[in-house]
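>>> Build the 3D model from these lines:
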Amino acid sequence: MKTARAKKRFSPDFKRIAWCCGYLGILGLLWGVWFGYMAREKPASDASLQLPSDRSAQPEALQSRQTTGQEPALSPSAGSVKLPFSVIREAMLSLRGRARKQYAAMLKGKRVRWAGWVHGVKEHRRTGLQLHIDMDAASDMDAAYDVSFRITPDEAAKIKERRPIVFEGIIDSISLDRNCIVELNPGFVISQPGG
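Numbering: from 1, shown residues only. The predicted structure is shown next:
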């Protein structure tokens, strides 16, 4: 009687199922350790903030200011994080699933000061006027914008499209899709050189 139960208990099907469960458990553990490690990685800091590097796409007035050294100081204000947009974009594109959500949540509430190109001002039914900024070269204005924040109608009247802009704000959200759009709230324009 005991031997019949023992044979039934350790049949090839039982052993196969137990082996598969053990294997899946080990894979799950390794997967969790890997994504736990990825979520804990801190983004690299950038020592300086500069206008976008595509000099050929910059307006002539801005190019002459850069060569004469009359460019306004772009050092981050007190409390700003030295975190370039490119680091956020690369991290969001390399992370997947839960790790991506954790990284976006970790950045929420951080104050940043960046420089980019005005993509445009759009009226949104829910949020009002939104300033859209492209963090890539001004020559690629057909692409999607990268950063967005609310502005007043008075501020919108002063904004010139396809011009460089320096802005600051607090990260409110980061889209989890491939576009990686950063929403600042509050966000405000520091200056629009070359305009």
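>>> and the longest strand anywhere in the chain, what does it pack onto?
For the chain, the strand reaching the highest residue count under DSSP state E is reported as strand 111-124. Contacts defined by 3 or more C-beta pairs under 8 Å, 6 or more residues apart in numbering; DSSP states H and E place strand 111-124 against strand 80-81, helix 85-94, strand 128-134, strand 164-174. Yep, even glycine has a C-beta here, placed from its N, CA and C like the rest.
>>> just the helices in the chain please.
Per DSSP state H, the chain carries helices over the ranges 2-9, 12-40, 60-68, 85-94, 97-107, 153-158.
>>> can you tell me which of the ones you listed the model trusts least?
Lowest mean pLDDT within those: helix 60-68, a mean of 37.
>>> The spatially closest residue to Arg178 that is not a sequence neighbour: neighbour count?
Spatial nearest neighbour of Arg178, excluding adjacent residues (C-beta to C-beta, 6 or more residues apart in numbering): Leu93 at 7.0 Å. Neighbourhood size, Leu93 [other C-beta atoms under 10 Å]: 11.
>>> What's the local residue count around Val189?
If you count neighbours by other C-beta under 10 Å, Val189 ends up with 18.
>>> For it, name its beta-bridge partners.
Phe167 (DSSP bridges).
>>> Please read off the pLDDT at it from the model.
For Val189, the model assigns a pLDDT of 91.
>>> Check what pLDDT Ala44 gets.
Ala44 is assigned 44 on the pLDDT scale.
>>> and the spatially closest residue to Glu155 that is not a sequence neighbour, what does it touch?
Closest residue in space to Glu155, ignoring its immediate chain neighbours: Val189 at 6.3 Å, by C-beta to C-beta, 6+ apart. Residues near Val189 by C-beta atoms under 8 Å, 6 or more residues apart in numbering: Leu131, Ile151, Glu155, Ile159, Ile165, Val166, Phe167.
>>> Which among these count as buried?
Among the contacts of Val189, the ones that count as buried by 16 or more other C-beta atoms under 10 Å are Leu131, Ile151, Ile159, Ile165, Val166, Phe167.
>>> What is the nearest of the residues you listed to Val33?
For these, the residue nearest Val33 by C-beta to C-beta is Phe167; the value is 38.7 Å.
>>> And this protein, what are its domain boundaries?
The chain breaks down by automatic domain parsing into domains covering 2-38, 81-191.
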